[in-house]
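**Q** I'll drop the sequence and a predicted model, then ask my questions.
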Amino acid sequence: MTCAACAQASERAVKKLPVVEEAAVNFATEKLFIKFDDEKLGIDEIQAAVAKAGYEAVEITLVIPVIAAGHRFYSVGIKAIVHRSPNMDSLIAMGTSAAILYSLFSVLNIANGNFRAVENLYF
């Protein structure tokens, strides 16, 4: 999102969905907070509403190709840590791994009903 109007357009599009109780976009973090009945509405419909408003919703599936493309950071960085000689590759591998693992933990929390965990997603 590039402006507050973009955030409002996404928010309005999601609020129009039938079972959405609340929707709020945080422009600074570019995150959409939604309260809805997940038995009557799926993520696909929410993403379609955001896309229809002219924006894209990011998914974890986009993270996998990025990790694959940067596999060198992981292989070199982890070897350097094992040899007790960490380098910049180690820093990148540890930092991205921590962000991804914490985000996956947050996704599990969201799936268990803790919708405030969406604030902790890094993908």
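**A** Looks like it came in fine.
**Q** So which residues make contact with the longest helix anywhere in the chain?
**A** In the chain, assigned by DSSP state H, the helix with the most residues is helix 88-111. With C-beta atoms under 8 Å, 6 or more residues apart in numbering as the test, helix 88-111 has contacts from 60, 63, 67, 70, 72-74, 76-78, 80-81, 117-118, 120-123. All C-beta spots, glycine's among them, are computed from the backbone N, C-alpha and C.
**Q** Could you give me the ChimeraX selection string for whichever of those residues are buried?
**A** Filtering these down to the buried ones (16 or more other C-beta atoms under 10 Å) takes a single ChimeraX command:
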select :63,73,74,76,77,78,80,81,117,118,120,121,123
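**Q** and the contacts of helix 88-111, which of them are in helices?
**A** Val63, Ile67, Arg72, Phe73, Tyr74, Val76, Gly77, Ile78, Ala80, Ile81.
**Q** Can you pick out the most distant pair from those residues?
**A** Spatially, the most separated pair among the ones in helices among the contacts of helix 88-111 is Val63 and Ala80, at 23.0 Å (C-beta to C-beta).
**Q** Just the pLDDT for the residue in the chain sticking out farthest from the centre.
**A** Ranked by distance from the centre of the chain (C-alpha atoms, centre = their mean), the top residue is His83, with 33.1 Å. His83 is assigned 96 on the pLDDT scale.
**Q** cool, the one 10 residues further on as well?
**A** In this prediction, Ala93 carries a pLDDT score of 92.
**Q** In space, what's closest to it - neighbours in sequence excluded?
**A** Gly77 (3.4 Å; C-beta to C-beta, 6 or more residues apart in numbering).
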